[in-house]
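> with the sequence up front, the predicted model follows.
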Amino acid sequence: MVKDEKLKLINEEGTRIDGRRPDELRPLKIEIGVLDKSDGSAYVELGKTKVFAAVFGPREVHPKHLALPDRAILNCRYHMASFSVDERKPLGMTRREIELSKVIREALESVVFLEEFPRTSIDVYIEVIQADGGTRTAGLTAASLALAEAGIPMADLVAAVAVGKIEGHLVLDLCDLEDKYGEADMPVAMAPRLNSIVLLQLNGRLAKEDFRRALEFAKKGITEIYQKQREALRKKYSGVSLMEV
Amino acid sequence: MVKDEKLKLINEEGTRIDGRRPDELRPLKIEIGVLDKSDGSAYVELGKTKVFAAVFGPREVHPKHLALPDRAILNCRYHMASFSVDERKPLGMTRREIELSKVIREALESVVFLEEFPRTSIDVYIEVIQADGGTRTAGLTAASLALAEAGIPMADLVAAVAVGKIEGHLVLDLCDLEDKYGEADMPVAMAPRLNSIVLLQLNGRLAKEDFRRALEFAKKGITEIYQKQREALRKKYSGVSLMEV
Amino acid sequence: MVKDEKLKLINEEGTRIDGRRPDELRPLKIEIGVLDKSDGSAYVELGKTKVFAAVFGPREVHPKHLALPDRAILNCRYHMASFSVDERKPLGMTRREIELSKVIREALESVVFLEEFPRTSIDVYIEVIQADGGTRTAGLTAASLALAEAGIPMADLVAAVAVGKIEGHLVLDLCDLEDKYGEADMPVAMAPRLNSIVLLQLNGRLAKEDFRRALEFAKKGITEIYQKQREALRKKYSGVSLMEV
Amino acid sequence: MSISQMKKSLTAKIVQEKIYNLLKQGKRLDGRSPTDMRPINIVTGLVEKADGSALASMGGTKILVGIKAEIGSPYSDRPREGSFTVNAELLPLASISFEPGPPDERGVELARVVDRSIRESKCIDLEKLCLVEGEKAYILFVDVYVLDYDGNYYDPSTIAVLAALATARIPKYEVLDGKVEKTGEYFNLQLQSLPFTTTFGIIKEKFLVDPQLEEESALDVSIIIGMDEKDNVISIQKNSPGLIPENMLEQMIDVASEKCKYTRQKFCEALNVKI
Amino acid sequence: MSISQMKKSLTAKIVQEKIYNLLKQGKRLDGRSPTDMRPINIVTGLVEKADGSALASMGGTKILVGIKAEIGSPYSDRPREGSFTVNAELLPLASISFEPGPPDERGVELARVVDRSIRESKCIDLEKLCLVEGEKAYILFVDVYVLDYDGNYYDPSTIAVLAALATARIPKYEVLDGKVEKTGEYFNLQLQSLPFTTTFGIIKEKFLVDPQLEEESALDVSIIIGMDEKDNVISIQKNSPGLIPENMLEQMIDVASEKCKYTRQKFCEALNVKI
Amino acid sequence: MSISQMKKSLTAKIVQEKIYNLLKQGKRLDGRSPTDMRPINIVTGLVEKADGSALASMGGTKILVGIKAEIGSPYSDRPREGSFTVNAELLPLASISFEPGPPDERGVELARVVDRSIRESKCIDLEKLCLVEGEKAYILFVDVYVLDYDGNYYDPSTIAVLAALATARIPKYEVLDGKVEKTGEYFNLQLQSLPFTTTFGIIKEKFLVDPQLEEESALDVSIIIGMDEKDNVISIQKNSPGLIPENMLEQMIDVASEKCKYTRQKFCEALNVKI
């Protein structure tokens, strides 16, 4: 995308187009148990990025010969609604969706105790209904909560956010415009309690020296999100739900 | 389709473009046992609408895990030859063909004693070689005869026809032009001996008051078709065949 | 393709565009065991036509219900790299590739002792990396060597070449230009020791009287290729390899 | 190839017996009367990137619809009209019985039944969607996603589609020197009709409307009837195997007329529209 | 990926022995001599919506072919020619061994072998199918459906295609002010050649032509040979696994020449055409 | 739908233990040190029909890349630029674990990771690939085939792509009277950057680079880091399940910087290019 020359993503005081500071998350809304027919589900809104996740399982594998004798299979589909993006996405899975389904699945496999459910499958579905940057990380944040609600044992929750660079400044939680016209976009997912990375990708140019600081930004965001995840779980289990359709 | 303003589908005396009265069927030709390699087959011509149907089964299900322990599976494919329509139909199944395969299958499931053949499948194939309106109903009429020839027990034969509205008049057995430029098209299939509807769809606008009369029209057509089906079966089993290719 | 009028494929002395005589093969290069991870592999270069073949098996069939109780299944995929032809070939199998996979497989099935490996599959993969005429025959020549290297017992090696007619002259081993602008192209594969044809196709017009002579030409080429195949196998098993990547 | 999926197990038969006994007393599992619908909820505009969007629920069944307008060519036999396309996906997160992958026959049927109601009622004025006769016109992509499936996705899908259409703000385009460009303004679709559907389930000689999931699996047969505000029947779809006694139809048409009116009223209240 | 389907069972071996013993006496299961073909029947014009159509049978094998002409662009390397495309489907109603779905390798092979005969014999004058050089030309879609399969679908497919082509009435188009429109007139294709094929089956050192289904499953190997009216070989396809002794080929070419002449004669009689 | 394939068997655990014990002594199965790469070999130009081609190997892993240029339309939001597309296929002849058919998630991931390095490093000057602003531009099709797979296809794929790009001779086109035609001349792409990747494998608290196949199956987790000649990180992809201790990352970035430099040097030597 050719950036309009007048477009300033961040001003001299470090204020971003939507008024945020460089290390500030967009407003985050988390709901658990929003879809009745799945075993666990969650809805995450991060600014205008809106994502549902639902989990089925552990359940029998069909056909049976695909089952693994010593552990569960984890399946994952990350999918975007056709109208979630500026230009209508055609039906069917794009190559991007196929790749993201893989890295998200691998992030979840890093924390789920799969060996507790041999010969079964655990199916994770992520539906992006609006994409304004950070959909894979919001999807992962939601999926991890859906797994928790489904009672699937995990070593830790996964919390995720993107960090990036725009006009020379490191920033946390890029929106779509910042992603498109910025210099770098680095989605990070962690199992915070384990101090471990479960998803890491980078798109763009980041000077070697910036890498450490970018990771610090990400950790700050992840800590906040993790906090809110735990709060939402607590609230859920104390019986209060917010979402009304 | 924008109708040419001069096109009159029906005149003041109630005569239609092909000279029929409102409640008159097109010439109907029925042949049973036209395809040797299937277990049962039939050919139906209704005006220029020309349809083959063939049945295989009951036979073993492959792969086996798809079989049902207490009944047969009924499969159905309604398919149009690429040259059967005005504009060449591309290869592969259209969404229309997928939908019609479903409603035709469900109509047949309504009368076939599936529970008599557990763990097997009965496969019904309908090939439309020329489409001039009423292909799903002609296909169903043919499929029901093919099932009969294959010796599959049924509660009744299925006889089917479309009824509709053109320029304010209810008419029986719409041809393609009447379907395209008319106000409503309602395909109806019945198990006449059971006084029951097995397929019913409607496309178009039909005043609530017209519905009963439309159904009466359909029943009249269905009774005639049912008669001819039984005649054809009788003729078949008295050893006379008409079709020569 | 409309042939440029000035293009002469063969001159009065019987010399072809690349300087060959009518019954002369292009330079042939054969390497065995070029791909480490398969059970057998070969690389064949015939002029600018360059082909890899690799074999896996005999191995277990998945899913198991596809296995045959009395013999091995032979699978074959003939595939061209997108950049192997003048106009980039789109991804996915073309109808031509599907047909050639079938006739190549059938040629190999004619000589492999499949009944020695019941309930297994033998998988043959041919990758054309550059196509300058005669890719199916070069592929077959390579596949037969890959099978030999994999230790699959065969009644004979298969050697193959195309013969054709250009500007009224019979010629051996057509290059792409000769194939495109010539009158006939006849790929032939033989099990030479058995004096038998295992693949035969014809595209073009060949007067009935020419057929015998065309077959003689093919046999001459096949004899040469068969010789080189055996040499390559001997060299392979005496431990000398030429290819260096 | 369409494959039969009817598998009425013993459990289903017991459930059916139970529901039938309730029906004979005019009752249902969840306390509704046979012709009561579940509560309808509609939220519009939650997908700002869509040109129109709505999330509609009928009881526990939730449907998300989004609309995107694009500029394309009119059909050659309708040079003065724009067009629309309905797609439907039964998302795997909505039900254990939905699989990921391209729409199966149920998804195709849903899309085509919804399409039929919209098309035959002429609720969208397609002539207003033409930009340059025979050359440029708006194409509306109406995408329906079943998000949570507790029976009967037909009726709420039509509601969600109409809500998204009714509240859509379509970007205006103009043609300047042969180039199509956005003007920065928007227009509303101004629907010309509000066609709703009513889904019926039949058990023996009794019927009910808007079956929830448990009821759905116990039905002998089901049928969807769509009607517009002038009491025209504008779509019918028998969507399951089974026999419908011919003499039940007229009565169901009468109930459909009443239920579609009810739905229309709820719809107009929710969207604050006059009929 | 092409997957081997050869499964010669014990039963097949017994049938083979029986057929072989008959062949040695110059006989066959259905009373034919080894080089007799089954009766050929041709009906044309039964699909009025097609621009050409034919139903041809050879014994119990029935093939339906339809032709549709459309206007498109010529290939850039053949600006002065129209084009044609052959597709073939082995319909599942024709045989227990055909599956619904996109053409498998057998359907693809059938289409390509038929295409090859038509193309290499130059029976269609492609230059007559050009409307505006480099811009507009007729494209003929030739669709072949196997309706009933009792062995050897190759030879009757070519017959049906030629019958549909020979009797086709193609709508004439003209270009007026850059727009392509039908004139209301029609033209015939005036075939320039009549190429037919003969299918051979080999058992041990014997061969037969036009195998019916029971014979087909008992063959060691089979091959199709196409020839035009000038005794040119215009297509060959060995279409099964197995060894063909090299010294049998020439004799088969001679028989093919004779059989294709016979087929051509039957064809011309049926269509009332002079050769 | 992406399906988990991680199946660490008992054997794998024994191999892991063995590799881990070696790593603790700074050793590996094939004698390399943990940060040694396998030998790199590059052959260019072996596919003369491609506009650029290269066969690169890293130890036993062999990658074939070909480039074809076509003329198409620029993207509407980048009217002054040409474009490129990377596809990758894990050919079934390369490994018993690759299946024929359209690219699975591994093939898609490989293509996208290679694409990312090329795109983000801006090594191709896309503005030079524009012919007529907003109308005609070169499109480069970069097709990657894994021919022989002995672990780590990422690093040699990037090498092969850069070698094919660096040695490509693209046919020049010109626009004459609205028609696009070849001039008969050629031009080079003149790469603006040489971004390479380094693949890391982690076992417990140890890591190694460029895992071969046996190592690969024993890793806890792996990650690919791409860097350009200015020490910018230009792509990262964690491409397997597993935990990466956050404090290992910085060290890996340092090693990646060094290894990418090493690869760049080998590349320039092989192609006789100055950095």
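On my side now, so go ahead. Quick caveat, the model's predicted, so the values are computed rather than measured.

> and the strands in the chain?
If you meant another chain, say so; for now it's chain A. A:28-32, A:40-46, A:49-60, A:73-80, A:120-130, A:159-166, A:169-172, A:184-191, A:196-207 (DSSP state E).

> to clarify, I was referring to chain D.
Counting by DSSP E, the strands of chain D are D:2-3, D:40-44, D:52-58, D:61-72, D:83-90, D:130-132, D:136-148, D:170-176, D:179-187, D:196-203, D:206-209, D:221-227, D:232-238, D:244-245.

> so which of these is nearest chain F?
Comparison of the strands of chain D against chain F by CB to the nearest CB identifies strand D:179-187 as nearest, at 10.6 Å. For every residue, glycine as well, the C-beta is placed using N, CA and C.

> does at least one residue of stretch D:202-214 sit close to chain B?
No: Stretch D:202-214 stays clear of chain B (CB under 8 Å from any CB of the partner chain), getting no nearer than 10.6 Å.

> and that stretch, how far from the chain's centre?
On the basis of CA atoms, centre = their mean, to the nearest Å, stretch D:202-214 sits 19 Å off its chain's mean C-alpha point.

> and if you look at stretch D:130-141?
With CA atoms, centre = their mean, you get 25 Å for stretch D:130-141.

> buried set for that stretch?
D:130-132, D:136-141 (16 or more other CB atoms under 10 Å in any protein chain shown).

> one more: stretch A:160-171?
A:160-167, A:170-171.

> report the two of those residues separated the most.
Comparing every pair within the buried residues of stretch A:160-171 by CB to CB identifies A:A160 and A:E167 as the most remote, at 24.3 Å.

> flag every residue of chain A that's near chain B.
Residues of chain A lying near chain B (CB under 8 Å from any CB): A:62-64.

> and which of those residues is nearest D:V175?
Looking across these and measuring by CB to CB, the closest to D:V175 is A:H62, at 53.2 Å.

> model confidence for the nearest residue to the closest one once chain neighbours are set aside, exactly?
With CB to CB, 6 or more residues apart in numbering or on different chains as the criterion, A:H62 has its nearest non-adjacent residue at 8.0 Å, and that residue is B:H65. Among the per-residue scores, B:H65 shows a pLDDT of 84.

> same check, this time on A:A159
98.

> enumerate every residue touching the residue of chain A at minimum distance from chain E.
Going by CB to the nearest CB, chain E is nearest to A:G92 of chain A, at 16.9 Å. By CB atoms under 8 Å, 6 or more residues apart in numbering or on different chains, A:G92 lies in contact with D:P102.

> any idea how far D:F84 is from it?
As judged by CB to CB, to the nearest Å, A:G92 and D:F84 stand 20 Å apart.

> and the residue of the stretch 51-200 of chain D found nearest chain F, how many neighbours does it have?
For the stretch 51-200 of chain D, the residue positioned closest to chain F under CB to the nearest CB is D:P100, at a distance of 4.7 Å. Number of residues near D:P100 (other CB atoms under 10 Å in any protein chain shown) recorded here: 17.

> could you do D:D231 as well?
There are 14 residues near D:D231, going by other CB under 10 Å.

> which residues does the closest residue to it other than its chain neighbours contact?
The spatial neighbour of D:D231 that comes closest, neighbours along the chain excluded (CB to CB, 6+ apart), is B:K208 at 4.7 Å. Listed by CB under 8 Å, 6+ apart, the contact set of B:K208 reads D:227, D:231-233, D:253-254, D:257.

> equivalent analysis for D:Y153, please.
Contacts of D:Y153 (CB under 8 Å, 6+ apart): D:61, D:63, D:90, D:110, D:146.

> please repeat the previous calculation with a cut-off of 7 Å.
D:61, D:63, D:110, D:146 (CB atoms under 7 Å, 6 or more residues apart in numbering or on different chains).

> please tell me how far the first one sits from A:K102.
Note on D:T61: its distance to A:K102, by CB to CB, is 31 Å.

> the more surrounded of these two?
Applying other CB under 10 Å to D:T61 and A:K102 shows that D:T61 carries more neighbours, namely 27 against 24.

> what is the burial count for the nearest residue in space to that one that is not next to it in sequence?
Excluding its sequence neighbours, the residue lying closest to D:T61 (CB to CB, 6+ apart) is D:D150, at 4.7 Å. Neighbourhood size, D:D150 [other CB under 10 Å]: 21.

> follow-up on the earlier one: quick one: which of the contacts of B:K208 is most hemmed in?
So for these (other CB under 10 Å), the most neighbours sit at D:M227, 29 neighbours.

> who's in contact with that one?
Here D:M227 is in contact with D:195-196, D:233-234, D:256-257, D:260 (CB under 7 Å, 6+ apart).

> report the closest residue of the stretch 151-275 of chain D relative to chain E.
Taking CB to the nearest CB, the stretch 151-275 of chain D has D:G178 as its residue nearest chain E, at 15.6 Å.

> tell me the confidence at that residue?
79.

> next one: A:L242
43.

> again with D:Q5
On the pLDDT scale, D:Q5 gets 52.

> so where is the stretch 151-275 of chain D shaky, pLDDT-wise?
D:275 (pLDDT under 70).

> and if you look at chain A?
A:1-5, A:239-245.

> interface residues of chain A facing chain C?
A:H65 (CB under 7 Å from any CB of the partner chain).

> and the residue of chain A that's closest to chain D?
For chain A, CB to the nearest CB, closest residue to chain D: A:F83, 3.1 Å.
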